[in-house]
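Novice: predicted model, plus sequence, below.
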2 protein chains.
Amino acid sequence: MAKNPAWVKALKPSGPQGSALLQAERDGSALNVDQLAEHLFTNQVLERNAAILKILQNDPVFDKSQNYFRGRESRIEAALARGKRLRQLSVEHKWSEDEYMVANDLIAEPTPYGLHASMFLKTLREQGTPEQKKRFLEKAENYEFIGCYAQTELGHGSNVRGLETTATWNPQDKTFTLHSPTLTAAKWWIGSLGIAANHAVVMAQLIIGGKPYGPHPFVVQIRDLKTHEPLENVHVGDIGPKFGYNTMDNGFLLFNHLKVPHSHMLAKFSRIIPETNEYVRPSNPNLVYGTLTWVRSNIVLNAGNTLARGVTIATRYCAVRRQFQDRDAPKGTKGETQVLNYTMVQQRLLPLLATTFALHFTGRGMIELYEANQAAMNNKKSPSEASRNAGPEELQPGADLLADLHSTSCALKAYASTLAGEGLEVCRRACGGHGYSSFSGIGTWYADYLPTLTWEGDNYMLTQQVARYLLKSARAVLKSGNLQPSQSDNDTARILKDFKRRQDMGAAFDVLGSDSDIVAAFAWRVAFLTFEALRHRDEEHQSWNSLLVDFWRLSTAQAQYLVVKNFHDALTTLGTTKSLDAETRDVLQKLFRLFALHTLESEASEFFTSGACTVRQIQLARTRTVKTLLEEIRPHAVRLVDAWKFPDWQLDSSLGRYDGKVYEDLFYRASELNPLNKVVFDPYPDSKSLFKKDGREQVKSKL
Amino acid sequence: MAKNPAWVKALKPSGPQGSALLQAERDGSALNVDQLAEHLFTNQVLERNAAILKILQNDPVFDKSQNYFRGRESRIEAALARGKRLRQLSVEHKWSEDEYMVANDLIAEPTPYGLHASMFLKTLREQGTPEQKKRFLEKAENYEFIGCYAQTELGHGSNVRGLETTATWNPQDKTFTLHSPTLTAAKWWIGSLGIAANHAVVMAQLIIGGKPYGPHPFVVQIRDLKTHEPLENVHVGDIGPKFGYNTMDNGFLLFNHLKVPHSHMLAKFSRIIPETNEYVRPSNPNLVYGTLTWVRSNIVLNAGNTLARGVTIATRYCAVRRQFQDRDAPKGTKGETQVLNYTMVQQRLLPLLATTFALHFTGRGMIELYEANQAAMNNKKSPSEASRNAGPEELQPGADLLADLHSTSCALKAYASTLAGEGLEVCRRACGGHGYSSFSGIGTWYADYLPTLTWEGDNYMLTQQVARYLLKSARAVLKSGNLQPSQSDNDTARILKDFKRRQDMGAAFDVLGSDSDIVAAFAWRVAFLTFEALRHRDEEHQSWNSLLVDFWRLSTAQAQYLVVKNFHDALTTLGTTKSLDAETRDVLQKLFRLFALHTLESEASEFFTSGACTVRQIQLARTRTVKTLLEEIRPHAVRLVDAWKFPDWQLDSSLGRYDGKVYEDLFYRASELNPLNKVVFDPYPDSKSLFKKDGREQVKSKL
């Protein structure tokens, strides 16, 4: 294809222009974008991010213009080059870990150093003895040792106890033999392993004197430090292309009776005394409990941000895109209607817009709670120590804040990441045909996000932990016999008691008129479903397996309650929103109602079955309240997404451009950046060649 | 990476082996796979498909082993080579159009000839005069002219009337000037245009004497027949990568005052008399009506097949994959449980398995109805002619079978393709972590299918047409005043009358005990929602836009009714299933109930609001009937997917292999086919190079 000829360059989109339409949107709302952004992130963070953005944008290795065109091999090459440069910049600018993460977020695709910089370093820090840190961590921090965290196996994901890789203690020479006895024992899915790592933390079944002691972590060198070739008796490589995340080198790893010294078992918590071959039990096996909670809270916070990227793109594009006239428009009306004016589009997009804020405030609330709890723990006996003394099916009501926090983080991780993942696909489809173009910027982002629904606890598996906790709590409430609220009650105990006290007289929540009644209705439904499940399990003795679907529904209900509660708290707790203009505060309040009532009508049958609402209220919510909220939020939609402050460079989307130049950008990328247009193909079935002319720099003919 | 060493080659997955597990599944059910397959497809079709498969498998150009590894450029090169070879084979073996389509289905990815072979040829055939066919069609059938159908524009998708490309009649020299006045007028998304086509059928606004006459089709040469370079004043190219469908060359096209002769406007329906410059109106503008209905019926049939691929893969893998022990398993139980035994997995997969059959029978029912109607039309005045005399908001009850069929096809196209698209993603996730690997075979398939939710009528847009038709029908029923069933009633009129007659006394459907009552309950809900919507529109005078969400719900309800009804009819109509064994018939009956009751409980609030069911019935469906059905269908799951008879070569999935050798195949593809493992990267941030060693045949360094 010739370069764009002059007559093409002269063309403009038909009016009104996207830039004018977005300007009109921004003029039509008094929402204070900068103030809301400051409230969400603080100005300090926003300024720091802008400074990092500038550094990245000026570096050619981070040029994104070919990202969407590359195949896996060139993507991984580009990602490795970027990872290297990021590390150099990090040293040069003395970036903190947070700043390094911001740079990664702006680049917006993983690099082959991803798991080195997170799980490998983290595990060495948390589970290594001082000597081990000296030996491994310093070199790892200096990128001489590049590592990964090898837990999952080809045949074993969620069930860590089922891992097959063995580490057998050899009392004679004080070593461990690492071995993969079967093909399903192959470590699999391990990030940073495929091409980058020369070391791995390997989770393997410890065996001493023929007896298994469960999975333990071992530091194992896997590739030569000079040639980067695999060591003998190690088989390692990349597991191949994936639905997304293709800039990461997820890898496989197998061992053939490989020996490592005694010092390579990470020994902060459990260890072997080499002199006596004696195994020393971990002092506190629940210590990771807290870390997991912290990781999951961050997933919740991030889910809001992740979804907000898609909502930003879709909202801006739906304000630029026009299609058809309103059927009731007066005759003679010219031009087409902005797609964002259609209620069917609003019904899909605006609840997701509300969800972004709901998840943001929930994630923040969770992290605050976690930190407060950590601080409190430092002053007293660890609550998890206390809980270890209770049997698996018993729990003191309100006694265990950490267990409550753990359950909360499970429920929210599963719900928030599902909402974000599925919400991104809704955003992509709301963009119509162009949503399917890579240049929409949503497809790749969605595909890269999907693993979050599986890792750090599969979203379906996690719901069992939530149900288990709620059942325990309900048993404790019933057992204690005292339904009066007490100082020591945690939130779960409180809502279960409230329900039990009022169950017979029933609830009468004013969900259409009172925000705190909305929260109460969500709590009521959770308590109802909890006691229902308890009856099935303890009275009817139904099998655990037969109740999994009920447990999943229960956990989802619990998560929805928690999000509604956190969102509500964020808007009402004294002071948190007093820095905002009245109009901005008012719009946030409407977003809260939209999120809550939209969720309520989607789950209508559980609300009326539990008696939390009447059928009439649900009908009114659907036919009146939600409609009105959509109408009232619509004028602020563009400003609301602006408050997320995503730079265009980060979004890398033709449709989501801040300036609305959607069609110009789609055309520019297609006609000027697209390598396919440098080739003239030969289309005739009988010709021998595929090409008439190939103007690409490297000519390949793999066929 | 070195080749797999001997000690790796010796490894097997831990037992029990996948092959043994699948064999046990097949042994555990008496469902007659071959009989059911014959019932679904006929033996003649199955044998024909097998013969074509053999031809393709023996041809190296169709080798699939590198498909998942390739980037867009090499994928399109491979697809073009395959398209060429397919054409050659088609000539060689004298394939019918059906047989050519089967070959395309087995290859399972589009080629750059896709739109030439379908829409281009079809449009020439249907809209060309005999002279035009002689001039264009013969060469097109011979692949001298390679074409596409250029309708959609950068700024205009669903709204065909909004197209900006103009074709201005020049009375002086009897030509048309084709022109793109703006950037948004660029033809966009046009399949087969990006690299392949040398001709296009262009839909452009016809202008005669300054007056617009709406969109009309023009045959336009766009590239040189020898050099394949774009002609002067034509700008054409590929629009770039997409979320899927990347073996198709969707393209763009712009014109700069390009002249084409009078004879290039396809003139079977409307034309210009060159001598008088007079425009002749089409004799019957509704003729495409029927074709669209036929296309959509096929989408419904195909949706079942599309989803069945994902369900086949997920069901087989979930029978091979084991994870955790059942929590209630007796102590000492060895090994892990097949994932398919978990009710949470059954709840996700088995209703989708039921959906595949529901959609298959519905699609087949639709096509039969369409054909019967076409036959009837040939004997009398065209019903669409008759309906043209009725006003836009009026309709004789039952008078218009074609309009009913059209509405039916809109509702079902939207619902079926959404079910299939979203269902595939559910299947992918049900495969856990490995579902995310490209080797699962679901991700690419899902991504390639997604455009179906948008083309041939966007799934949300279509629901308005359904609502419009139902409102018209309801008005006609009310206007006639006669609620007694009559011979001339179509099905819609019948269910609306039934509802009106019994509305006051209410319904009492035995949805848990009677299959025909299930169908009646779905019909009742449709009628209820129709009259509700009618009240909002005609009595409360709510705007069309404000009712779009209600219309979408109404259309979905209508589609669900139609699927339930068609599935029920397929099992009860005399003779259709009498060739099946009792056990096979019984399982199909259970699949019917599962589909219907699972849908009912998902949409519970509409069923109880309309009075079609009681709250108690819905609770029982959820907590008892559906659970029992899942349990009863579970043992037949593998045999049921076997009946779809997908060859492994077509599925191209490690997880969905007929023989259950899941882990061996994942490992083979990752370790032996993956080109990344032929490279040794240099992982150190300070090194200048990305590679230590590059064993790939072509070394690229695009960085």
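Specialist: That came in fine, so what should we check first? Numbers count the residues shown, from 1 in each chain, chains lettered A, B, ... in the order given.

Novice: what's the span of stretch A:571-582, first residue to last?
Specialist: Stretch A:571-582 has an end-to-end distance of 12 Å (criterion: C-alpha to C-alpha, to the nearest Å).

Novice: list the contacts of the closest residue to chain B within chain A.
Specialist: With C-beta to the nearest C-beta as the measure, A:G71 is the residue of chain A nearest to chain B, at 1.8 Å. Where C-beta positions appear, they are placed from N, C-alpha and C, glycine not excepted. Residues counted as contacts of A:G71 (C-beta atoms under 8 Å, 6 or more residues apart in numbering or on different chains) are B:F69, B:R70, B:G71, B:R72, B:E73, B:S74.

Novice: need these in CSV (columns: pLDDT and distance to B:G162).
Specialist: Shown next, in CSV, are the contacts of A:G71 (pLDDT from 0 to 100; distance: C-beta to C-beta, whole Å):
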residue, pLDDT, distance to B:G162
B:F69, 96, 41
B:R70, 95, 37
B:G71, 95, 35
B:R72, 95, 30
B:E73, 94, 34
B:S74, 94, 37
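
Novice: from the residues you listed, keep the buried residues only.
Specialist: Those of those that meet the buried threshold are B:F69, B:R70, B:G71, B:R72, B:E73, B:S74, by 16 or more other C-beta atoms under 10 Å in any protein chain shown.

Novice: could you tell me which of those residues belong to strands?
Specialist: Nothing among the buried ones among the contacts of A:G71 maps onto strands, per DSSP state E.

Novice: from those residues, which land in helices?
Specialist: Within the buried ones among the contacts of A:G71, residues falling in helices by DSSP state H are B:R72, B:E73, B:S74.

Novice: okay, helices next: where are they in the stretch 551-700 of chain A?
Specialist: Assigned by DSSP state H, counting those that start in this stretch, the helices in the stretch 551-700 of chain A fall at A:582-602, A:604-609, A:615-620, A:626-633, A:637-642, A:648-651, A:662-668.

Novice: so who does the closest residue to A:K133 other than its chain neighbours touch?
Specialist: Take A:K133 and drop its neighbours on the chain: the residue closest to it by C-beta to C-beta, 6 or more residues apart in numbering or on different chains is A:L124, 6.4 Å away. Going by C-beta under 8 Å, 6+ apart, A:L124 touches A:Q132, A:K133, A:F136, A:L137, A:A140, A:G147, A:V201, A:V219, A:L266.

Novice: those into JSON lines, with extra columns for neighbour count?
Specialist: Listed next are the contacts of A:L124 as JSON lines, based on neighbours: other C-beta atoms under 10 Å in any protein chain shown:
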{"residue": "A:Q132", "neighbour count": "18"}
{"residue": "A:K133", "neighbour count": "17"}
{"residue": "A:F136", "neighbour count": "24"}
{"residue": "A:L137", "neighbour count": "18"}
{"residue": "A:A140", "neighbour count": "22"}
{"residue": "A:G147", "neighbour count": "30"}
{"residue": "A:V201", "neighbour count": "26"}
{"residue": "A:V219", "neighbour count": "25"}
{"residue": "A:L266", "neighbour count": "22"}
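
Novice: between those, which sits nearest A:C410?
Specialist: Among those, A:V201 lies closest to A:C410 (C-beta to C-beta), at 24.2 Å.

Novice: element containing that closest one?
Specialist: Secondary structure from DSSP states H and E places A:V201 in strand A:199-208.

Novice: lowest average confidence, helix or strand, in chain A?
Specialist: helix A:383-388 (a mean of 42; mean pLDDT, DSSP states H and E).

Novice: now for A:T625, how many residues are close by?
Specialist: Neighbourhood size, A:T625 [other C-beta atoms under 10 Å in any protein chain shown]: 20.

Novice: you'd agree it is up against A:A596?
Specialist: No: the pair A:T625 and A:A596 fails to qualify as a contact (C-beta atoms under 8 Å) at a distance of 10.3 Å.

Novice: okay, strands next: where are they in the stretch 51-200 of chain A?
Specialist: All strands of the stretch 51-200 of chain A, identified by DSSP state E, counting those that start in this stretch, fall at A:149-150, A:166-170, A:175-179, A:187-190, A:199-208.

Novice: dump the ones you listed to JSON lines, plus mean pLDDT and distance to chain B.
Specialist: Output for the strands of the stretch 51-200 of chain A, formatted as JSON lines (pLDDT from 0 to 100; distance: least, C-beta to the nearest C-beta, whole Å):
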{"stretch": "strand A:149-150", "mean pLDDT": "96", "distance to chain B": "14"}
{"stretch": "strand A:166-170", "mean pLDDT": "98", "distance to chain B": "12"}
{"stretch": "strand A:175-179", "mean pLDDT": "98", "distance to chain B": "10"}
{"stretch": "strand A:187-190", "mean pLDDT": "97", "distance to chain B": "6"}
{"stretch": "strand A:199-208", "mean pLDDT": "97", "distance to chain B": "11"}
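
Novice: just to revisit the earlier point, out of the contacts of A:G71, flag the one nearest to chain A.
Specialist: B:G71 (1.8 Å).

Novice: now the closest one, what are its backbone angles?
Specialist: Here is the backbone geometry of B:G71 (degrees, to the nearest 10): phi -80, psi 180.

Novice: which element is A:T291 on?
Specialist: helix A:287-320.

Novice: ok, then the element right after that helix?
Specialist: helix A:343-377.

Novice: helices and strands around that next one, which ones?
Specialist: helix A:287-320, helix A:401-430, helix A:548-572, helix A:582-602, helix A:626-633, helix A:637-642, helix B:548-572 (3 or more C-beta pairs under 8 Å, 6 or more residues apart in numbering or on different chains; DSSP states H and E).
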